[in-house]
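Enquirer: Next one to model:
(chains A, B, C and D)
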There are 2 protein chains.
Amino acid sequence: MKKDLSTEEKILTAAKKVFLTRGMDGARMQDIADEAGINKALLHYYFRSKDQLFEKIFQEVAHAFIPKIFAILESESTLFEKIERFCSEYISQIITTPYVPIFILNEINRQPQAFLKKVFGTNRPPVEKLIPQIQKEIKAGILKPVDPLQLLMNTLSLCLFPFVVSPMIQLVTGMNTKEFNALMEKRKKEVPKMIIDSIKK
Amino acid sequence: MKKDLSTEEKILTAAKKVFLTRGMDGARMQDIADEAGINKALLHYYFRSKDQLFEKIFQEVAHAFIPKIFAILESESTLFEKIERFCSEYISQIITTPYVPIFILNEINRQPQAFLKKVFGTNRPPVEKLIPQIQKEIKAGILKPVDPLQLLMNTLSLCLFPFVVSPMIQLVTGMNTKEFNALMEKRKKEVPKMIIDSIKK
DNA sequence: ATTTTTGTTAACCATCTAGTTAAATCACTT
DNA sequence: AAGTGATTTAACTAGATGGTTAACAAAAAT
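Expert: Reported below is the predicted structural model:
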């Protein structure tokens, strides 16, 4: 049973592009077919329904995006090292896939419970392991007494939000994408510095 | 729905709710009619098309949301005062309209240039006036040498982003909306403190 | 009281869109 | 060359959706 992956690959690439830029509701199967250079019926031959195709793309995108958040946070480094690595590596990755954050945010808002289940299954997002470390470092006098949840929110906010408003930033400042990315490159050091300064004793 | 309200008000209230939670593409005219407790034809009697109705809601929402950002920043206060007032007042407002940020972000991404034109007309967003102040305070030795754009991004990120992921936060932590709002209340002081600490000499 | 204007509805229409079908074509085996 | 199954397409269907129409009701104007 030989499979010609090229058509399937073409479809997946096209679907990813269309779903990422237009969202589930805004995407049209015809647009995806056109983008892939094939007939619309062929889409349904490979992926029975729009829902299934979207699901496939969602899984691909979400699993390339979400778990990385937590992999670093679960390593054996110190908190400061984790923050530095997280910001740097995460910003690097998003520069290569700038449409992903808004796509993810929309899914979170469209169906939060389904989103959680699809991304983490029955497990909780592995943040709990981080909290003891923070508390330990507070007791050790390394950190100010800080709410771990606020810390996490600050980190995610500073890394992700600029990408979500990048069209706006580029339009207002007259930057092109390259210049905007250079700005984000700078943030790879500035953001962790700011966060660490705000929590270290 | 309240029966005292005029039909037009009922429609606008319903449309706002549906558009804010589902977005332009996800909203159905029938849903808006149902929400308003009227016939779908009556929608078209009052607002000729979906586009026009959406436009009306967009104007209302955007103009209640965006200019406030800049009003404070243009006042005569010191930079630190501006940052404190901005964070506090903005977070207060968003607590009362939590769906607005994601709605705005989606419009920014859907049609950035149209968004800018609709919100600011031909004028630029009035950020330019802030930059001289920052540069002045840097020369005066009050501030570290800081990129105004990065400062602005940080402020907006820390104020807005948590609301955009609030469904996620509430689900993961098990908070209800009231508890989440209490968390945001705390941020009204913590966020400006963090920002100011990061820039003051 | 009668006409006119405004507000409201049920039924309808046109178009869009996800999804199906049946026939054609290609790749490969015999 | 013919057969076989996988691939691809044009044409089609069913249902959703934005929008219209014509008739009717309520209110305002005369």
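Enquirer: check contacts around the nearest residue to A:Arg124 once chain neighbours are set aside.
Expert: Nearest non-adjacent residue to A:Arg124, counting by C-beta to C-beta, 6 or more residues apart in numbering or on different chains: B:Val172, 7.0 Å away. Backbone N, C-alpha and C define where each C-beta goes, glycine included. Going by C-beta atoms under 8 Å, 6 or more residues apart in numbering or on different chains, B:Val172 touches A:Leu116, A:Arg124, A:Pro125, A:Val127.
Enquirer: How far off centre is the helix or strand containing A:Glu107?
Expert: Using DSSP states H and E, A:Glu107 maps to helix A:100-110. Averaged C-alpha coordinates place helix A:100-110 at 9 Å from its chain's average position (C-alpha atoms, centre = their mean, to the nearest Å).
Enquirer: What residues of the helix or strand containing the residue nearest to A:Arg124 count as buried?
Expert: Using DSSP H and E, B:Val172 maps to helix B:166-173. For helix B:166-173, a neighbour-count test (16 or more other C-beta atoms under 10 Å in any protein chain shown) marks B:Ser166, B:Pro167, B:Met168, B:Ile169, B:Gln170, B:Leu171, B:Val172 as buried.
Enquirer: same question, stretch A:113-125
Expert: Residues of stretch A:113-125 classed as buried: A:Phe115, A:Leu116, A:Lys118, A:Val119, A:Phe120, A:Pro125 (neighbour count, 16+ other C-beta under 10 Å).
Enquirer: what about stretch A:132-145, start to end distance?
Expert: End-to-end distance for stretch A:132-145: 13 Å, by C-alpha to C-alpha, to the nearest Å.
Enquirer: hmm, it touching chain B?
Expert: No: counting by C-beta under 8 Å from any C-beta of the partner chain, chain B is not contacted by stretch A:132-145; separation bottoms out at 10.9 Å.
Enquirer: can you give me how far that stretch is from the chain middle?
Expert: Between the centre of stretch A:132-145 and the centre of its host chain there is 28 Å, according to C-alpha atoms, centre = their mean.
Enquirer: what does it rub up against?
Expert: Taking C-beta under 8 Å, 6+ apart as the rule, stretch A:132-145 contacts A:Thr78, A:Leu79, A:Val146, A:Pro148, A:Leu151, A:Ile199, A:Lys200, A:Lys201.
Enquirer: Next: stretch A:105-121.
Expert: A:23-24, A:58-59, A:62-63, A:66, A:125, A:164, B:23, B:26, B:102, B:105-106, B:164-165, B:167-168, B:170-172.
Enquirer: got it, and stretch A:86-98?
Expert: A:61, A:64-65, A:68-69, A:72-73, A:100-101, A:155, A:158-160, A:163, A:166, A:181, A:184-185, A:187-189, A:191-192, A:195.
Enquirer: for stretch A:6-23, same thing?
Expert: A:27-28, A:31-33, A:35-38, A:42-43, A:46-47, A:53-54, A:56-58, A:60-61, A:99-100, A:103, A:106, B:23, B:25, B:106.
Enquirer: near DNA strand C too, which of the residues you listed?
Expert: Residues of those in contact with DNA strand C (C-beta under 7 Å from any atom of the strand): A:Ala27, A:Arg28.
Enquirer: I'd like to know which of the contacts of stretch A:6-23 are buried.
Expert: Buried, going by 16+ other C-beta under 10 Å: A:27, A:31-33, A:35-36, A:38, A:43, A:46-47, A:53-54, A:56-58, A:61, A:99-100, A:103, A:106, B:23, B:106, out of these.
Enquirer: Is A:Asp51 in a helix, a strand, or coil?
Expert: helix (DSSP: H, G, I helix; E, B strand; the rest coil).
Enquirer: so the residue nearest the centre of chain A, which of the three states?
Expert: Of all residues in chain A, the one closest to the mean position by C-alpha atoms, centre = their mean is A:Phe65, 4.1 Å from it. Reduced to three states with three-state DSSP, the structure at A:Phe65 is helix.
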